[in-house]
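Visitor: I would like the atomic coordinates for the input below:
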Amino acid sequence: MFTVKHPLHLTPTGLVVIPLVVACVMTGALVLAVSLNDRWAVTSGSGVLVSGIMIYAAVLFFLGRSGIASIRGLEIRASIDPLTQLPNRQALHEDVMHLSRGDEEVALAMIDLDSFKQVNDHYGHAVGDQLIERCAQLLREVCGTEAQCYRLGGDEFAAVMAGKVAGTILEGMCRTLLEKLGTPLTLEHRHITVGASIGLTRCPANDRVPSSEMLRRADVAMDMSKRGGKMRCTWFNESFDRRRERLRAIEEDIRTGIGAGEFRLAYQPLVSAEDKRIVGVEALLRWDRGNRPPLGPNVFVPVAEDSGLINPLGLWVLRQAACDALRWGDITLSVNISAAQLRNAEFPIKLGEVLEETGFPAHLLELEVTETCLVLDPVVAERTLDVIRSFGVRIALDDFGTGYASIGFLRRFRFEKLKLDRSLVELAGVDDGSRAMMLSSIALARALDMGVTAEGVETEEQAELVRLAGCDQIQGWLYYKALPAAEIDRLIAEQARKLAAAPDAPDNHTANRKDDQAA
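Guide: This is a model prediction of the structure:
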């Protein structure tokens, strides 16, 4: 059968004009050839006209075939991903609609690669494209002939199948894919580890939904997989939608609360392990919601991070805390920063502006980060922390003992302080293994020239244990809860008076700490 290998791409005008031009030229050439040849003669003008019409029809025929081939090529390109040659999002919708006309269960999986952005940032987009192609190949191998796989764009893939137990089979395929992605992928001379978060949904024959709704449900389930720790499969549940609605409502309340001034700061003092003097305060964010149900930072801060509202909210915290702490002399101010702030390239610039505007001494500011903030994108985090340190600001690793920080990790980021997590402090009093872990952590910090603070100290026994273990500072309800700035003013003023009155006995007043707190 005749096929057009390289179809012409013509405009509608070209499809009309070109056949006329070709017909006129070829007809003119035919008439000229006849007039110059004595053997040929034109006996009738109608013959020339018929010849011209036939030439025009032939040209139009071939151009028409070329146009049809061009349209087919465009249709193929519109439904195929050019990098992986997998069907794309449009093809997915069409296939789901087609499968939904049957009487069998239709199952859909959405697959999102974990840490793909870091691969692009570290190795470049060329390596990123190779990784996408490699993952597409793995997905093809896993799906085989039972399921159809797609690339939706970026680092997102999908798989669809229909059958009596389509959901069960598709989940098994997805778990096989996770196993394959659990080992490093070899790209040229590089070994790159990339995981995946997978969301699944199914649509039985008696409860069909549009393809767009199936894709949305799979996307919601995939997001829950990421929140749940990644490298896992999660089936869509109706409760996910209710949760999303609640989070959306909290996000709107946060946005309104920032403008209405509903947020406030409380400060929990840190005391010297040697003489129990207040040597620092940690700024803690609180939300005054009026008559609405109260929400703790563990609830609203993650919502602020996901929505991007943590950036204006975090800057308000820094500015307000710096203004308050200016009244407290040489007391160190600790402020927590989130992973979203650390990834924001504008954060160091905004921090510098806050220090300049408030006049707060940079060497008295201590930013607390968690291990999670750093492992999400260590290259960006290290670069950001280097800029922050250039201002004279100190960096502390918060919640140490709950993650997997190695010696190399600690040396790479060069923290000025480790804050032992309350869980480690609590267990150290009752468990020999936890006590040994705490002692080794303090010894490691000392070897790396880091200060050590014990968090969550609630009993005299815990305080004595961490003091003998070598902690510099202690933080916990044994000494102080989180207090308003005005109460910190009073405590600092009282401490200054007592130190001035008895400089050689700085801890004469420490027995009254709990009474101060109760007051």
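Visitor: so where is the stretch 151-300 of the chain shaky, pLDDT-wise?
Guide: Applying pLDDT under 70 to the stretch 151-300 of the chain flags no residue at all.
Visitor: who does the nearest residue to Ile488 once chain neighbours are set aside form a beta bridge with?
Guide: Leaving aside its sequence neighbours, Ile488 sits nearest to Tyr267 (CB to CB, 6 or more residues apart in numbering; 5.0 Å). Backbone N, C-alpha and C define where each C-beta goes, glycine included. With DSSP bridges as the criterion, Tyr267 is bridged to Ala283, Leu483.
Visitor: quick one: contacts for Tyr267?
Guide: Val281, Glu282, Ala283, Leu284, Ala321, Asp324, Ala482, Leu483, Pro484, Ala485, Ile488 (CB atoms under 8 Å, 6 or more residues apart in numbering).
Visitor: look up how far Ala362 lies from it.
Guide: 19 Å (CB to CB, to the nearest Å).
Visitor: before we move on, what about Ala469?
Guide: 30 Å.
Visitor: these two - which one has more neighbours?
Guide: Per other CB atoms under 10 Å, whichever of Ala469 and Ala362 has more neighbours is Ala469, with 19 against 16.
Visitor: the more buried one reaches Met438, doesn't it?
Guide: Yes - with contact defined as CB atoms under 8 Å, Ala469 reaches Met438; the gap is 6.2 Å.
Visitor: which residues do those two both contact?
Guide: Common neighbours of Ala469 and Met438 (CB under 8 Å, 6+ apart) are Ala428.
Visitor: how about low-confidence regions in the chain?
Guide: For the chain, the ranges with pLDDT under 70 are 1-77, 403-406, 503-519.
Visitor: for Glu416, what are its contacts?
Guide: Glu366, Arg394, Ile395, Ala396, Met450, Gly451.
Visitor: okay, and which of the residues you listed map to strands?
Guide: Glu366, Arg394, Ile395, Ala396, Gly451 (DSSP state E).
Visitor: would you convert these into TSV that also reports neighbour count?
Guide: What follows is the ones in strands among the contacts of Glu416, written out as TSV (neighbours: other CB atoms under 10 Å):
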residue	neighbour count
Glu366	21
Arg394	19
Ile395	18
Ala396	21
Gly451	17
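Visitor: most widely separated two among those residues?
Guide: The two members of the ones in strands among the contacts of Glu416 with the most space between them (CB to CB) are Ile395 and Gly451, at 11.4 Å.
Visitor: what is in contact with those two at once?
Guide: Joint contacts of Ile395 and Gly451 (CB under 8 Å, 6+ apart) are Glu416, Lys417.
Visitor: can you list the residue ranges for helices in the stretch 101-250 of the chain?
Guide: Using DSSP state H, counting those that start in this stretch, the helices of the stretch 101-250 of the chain run over residues 116-123, 125-143, 166-181, 211-227, 238-260.
Visitor: I'd like these as a markdown table, with distance to Ile492 and mean neighbour count appended.
Guide: As requested, the helices of the stretch 101-250 of the chain are exported to a markdown table (distance: least, CB to CB, whole Å; neighbours: other CB atoms under 10 Å):
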| stretch | distance to Ile492 | mean neighbour count |
| --- | --- | --- |
| helix 116-123 | 44 | 17 |
| helix 125-143 | 53 | 18 |
| helix 166-181 | 54 | 18 |
| helix 211-227 | 41 | 19 |
| helix 238-260 | 29 | 14 |
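Visitor: how about those helices, which one is nearest Leu374?
Guide: Using CB to CB, the nearest of the helices of the stretch 101-250 of the chain to Leu374 is helix 116-123, at 12.6 Å.
Visitor: mind giving me the packing neighbours of that closest one?
Guide: helix 125-143, strand 190-192, helix 378-390 (3 or more CB pairs under 8 Å, 6 or more residues apart in numbering; DSSP states H and E).
Visitor: mind running it again at 10 Å?
Guide: Secondary-structure packing of helix 116-123 (3 or more CB pairs under 10 Å, 6 or more residues apart in numbering; DSSP states H and E): helix 125-143, strand 185-187, strand 190-192, helix 378-390.
Visitor: could I get the phi/psi values of Val430?
Guide: Dihedral angles of Val430 (phi, psi; degrees, to the nearest 10) stand at phi -130, psi -10.
Visitor: next one: it from Met438, what distance?
Guide: Counting by CB to CB, the gap from Val430 to Met438 is 12 Å.
Visitor: of these two, which one has the most company?
Guide: Comparing Val430 with Met438 by other CB under 10 Å, the one with more neighbours is Met438, at 27 against 8.
Visitor: quick one, what contacts the closest residue to Arg389 other than its chain neighbours?
Guide: Distances taken as CB to CB, 6+ apart put Ile395 closest to Arg389, at 6.7 Å, once the chain neighbours are dropped. By CB atoms under 10 Å, 6 or more residues apart in numbering, Ile395 lies in contact with 337, 366-369, 385-386, 388-389, 413-417.
Visitor: which among the contacts of Glu416 gets closest to Ala273?
Guide: Among these, and counting by CB to CB, the member closest to Ala273 is Gly451, at 10.5 Å.
Visitor: could you verify my assumption that the closest one touches Cys471?
Guide: Yes - taking CB atoms under 10 Å as the definition, Gly451 is a contact partner of Cys471 at 8.8 Å.
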